[in-house]
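Novice: Build me a structure from this.
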Amino acid sequence: MRIYFAPCGIGLGHVGRSLEVAKYLKLKKPDCKILFSTYSDALIPLKTEGFRFVEAPKFEYWVWPDGTPDPWRTLKWLSGKILGVFLKQLKFEVKQVASFKPDIIFSDSRLSTTIVGWLLGKPVITMLNQFHVVAPGFVHYKILQTLSDIFSFTFLADGWGLSSKILIPDFPPPYSISTLNLRIPPSIKRKVIFVGPILPVKPENLPNPEILRKKFGFDGRPLIYVAVSGPKWERFWLGKKLLKYFSGFPEKYQIIVSLGSRENPNVWRRGNLTVYGWLKERFEILKACDLVVGKGGHTTLTQTLAYGKPMLLIPTPEQTEQIYNAKSAVKLGVAKVLDQRKLSKDLLLSKIEEIFNDKKYWKNAEKLRKIALNFDCLKTTTNLILSYSKK
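Specialist: So this is what the prediction gives:
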């Protein structure tokens, strides 16, 4: 069996979940042939994991140094180019799919690949967590948001509808984290399956938190796990700020920071602060910790809640997906939000103490952990992929 994986290359979330599916698939069917097509940030983990890949034409948007999207510079840059860029992606994907001759295509938020699969008569499984896409930076501009809505419910909806099946790696309604981005068109609802959070390591298969804390050299004080994720520019800016503010944090807390940099696996410890360039055992830390601090990316958020941990979220300004995810988490009573533009040591400490002083956050997160037990995203996704080898 031959499978063509095509995850979006912006950030590490899309390629991360595609990689987990590919690795699980290899366990189930070792002789299957896999080829990845992606670009930008996603290329590094593919090199690290040793999967064969081709570098696709990239699509990017302009950002300020702190990772905040700039809609006006993006529109100026894309003006007259967006159709050309998309056609270039289509041409590339047609060539690669025709050459590789896959039995099935797995597209993670890559519209060009979904369309190419349909054009070439290939079954396509699309994984995504956004039907209604408000482009980054458009959230505060009514005209731009209206244009984004029109684009989402015409071109995008029709494009995703070309998929054989659409998988959403999220909790089912009304507990979905991507609720505000999941306005699913009625015409394609029959193709949609909620498969739950992607969990390559399940919490029930790990030792208890006390054992894990001892393994990593932590004691019984509250343990805060800081997961810096997203595109490289976002990780760099926020990571630098958080290291500054968590240094000298009250001794009653223990802090572990992962900077999300696969290129830099170094570890250092200073007082109650431990810093990893890249944390391989992140699921063990996720089970051992009491609270997670993150940006609001979909994978990090859903996995954290599947482990029953509340969060302090710091979405990138104007990054609509993170902002909407954070709103959903707040509504579910599992998180508080801190505006990145107002980030300071005092405000960070204040928000964290507010969470620790209110047990409702753990109670609500535990409710979602129990819901997650009803799902096995990797098994469901892999079985669906393999079912096409029998058709």
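Novice: From Ala56, how far out is Arg110?
Specialist: 8 Å (C-beta to C-beta, to the nearest Å). Where C-beta positions appear, they are placed from N, C-alpha and C, glycine not excepted.
Novice: All the strands of the stretch 201-350 of the chain, residue numbers only.
Specialist: Ranges of strands within the stretch 201-350 of the chain are 223-227, 254-258, 267-270, 273-276, 291-294, 311-313, 335-337, based on DSSP state E, counting those that start in this stretch.
Novice: Now tabulate the ones you listed in TSV and tack on distance to Leu167 and mean pLDDT.
Specialist: Output for these, formatted as TSV (distance: least, C-beta to C-beta, whole Å; pLDDT from 0 to 100):
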stretch	distance to Leu167	mean pLDDT
strand 223-227	24	97
strand 254-258	27	97
strand 267-270	35	91
strand 273-276	31	95
strand 291-294	23	97
strand 311-313	24	98
strand 335-337	25	98
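Novice: Let me have the ones you listed in TSV, extended by distance to Lys363 and mean neighbour count.
Specialist: Output for the strands of the stretch 201-350 of the chain, formatted as TSV (distance: least, C-beta to C-beta, whole Å; neighbours: other C-beta atoms under 10 Å):
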stretch	distance to Lys363	mean neighbour count
strand 223-227	19	24
strand 254-258	23	24
strand 267-270	32	10
strand 273-276	28	21
strand 291-294	14	24
strand 311-313	14	25
strand 335-337	13	22
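Novice: Tabulate the ones you listed (CSV), appending distance to Lys165.
Specialist: Conversion of these to CSV gives the following (distance: least, C-beta to C-beta, whole Å):
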stretch, distance to Lys165
strand 223-227, 30
strand 254-258, 33
strand 267-270, 41
strand 273-276, 37
strand 291-294, 29
strand 311-313, 30
strand 335-337, 30
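Novice: Need the overlap of contacts for Arg110 and Ala56.
Specialist: 6, 37-38 (C-beta atoms under 8 Å, 6 or more residues apart in numbering).
Novice: Give the burial count for Ile184, as a bare number.
Specialist: Using other C-beta atoms under 10 Å, Ile184 has 16 neighbouring residues.
Novice: Can you classify the nearest residue to it once chain neighbours are set aside by secondary structure?
Specialist: By the measure of C-beta to C-beta, 6 or more residues apart in numbering, the closest residue to Ile184 outside its immediate chain neighbours is Phe131, 5.2 Å from it. Under DSSP: H, G, I helix; E, B strand; the rest coil, Phe131 falls in the coil class.
Novice: residues in contact with stretch 354-368?
Specialist: Residues contacting stretch 354-368 (C-beta under 8 Å, 6+ apart): 171, 175, 222, 290-291, 305-306, 308-310, 312, 332-336.
Novice: Only the buried subset of those, as a ChimeraX command please.
Specialist: In ChimeraX, this line selects whichever of those come out buried by 16 or more other C-beta atoms under 10 Å:
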select :171,175,290,291,305,306,308,309,310,312,332,334,335,336
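Novice: Just the closest of the contacts of stretch 354-368 to Leu273, please.
Specialist: Closest approach to Leu273 among the contacts of stretch 354-368 (C-beta to C-beta): Pro222, at 13.7 Å.
Novice: Ramachandran angles for the closest one?
Specialist: phi -50, psi 130 (degrees, to the nearest 10).
Novice: residues in contact with the residue nearest to it when sequence neighbours are not counted?
Specialist: Among residues not flanking Pro222 along the chain, Asp290 sits closest, at 4.8 Å (C-beta to C-beta, 6+ apart). Asp290 sits next to 222-224, 309, 356 when contact means C-beta under 8 Å, 6+ apart.
Novice: run the last query once more with 7 Å
Specialist: 222-224 (C-beta atoms under 7 Å, 6 or more residues apart in numbering).
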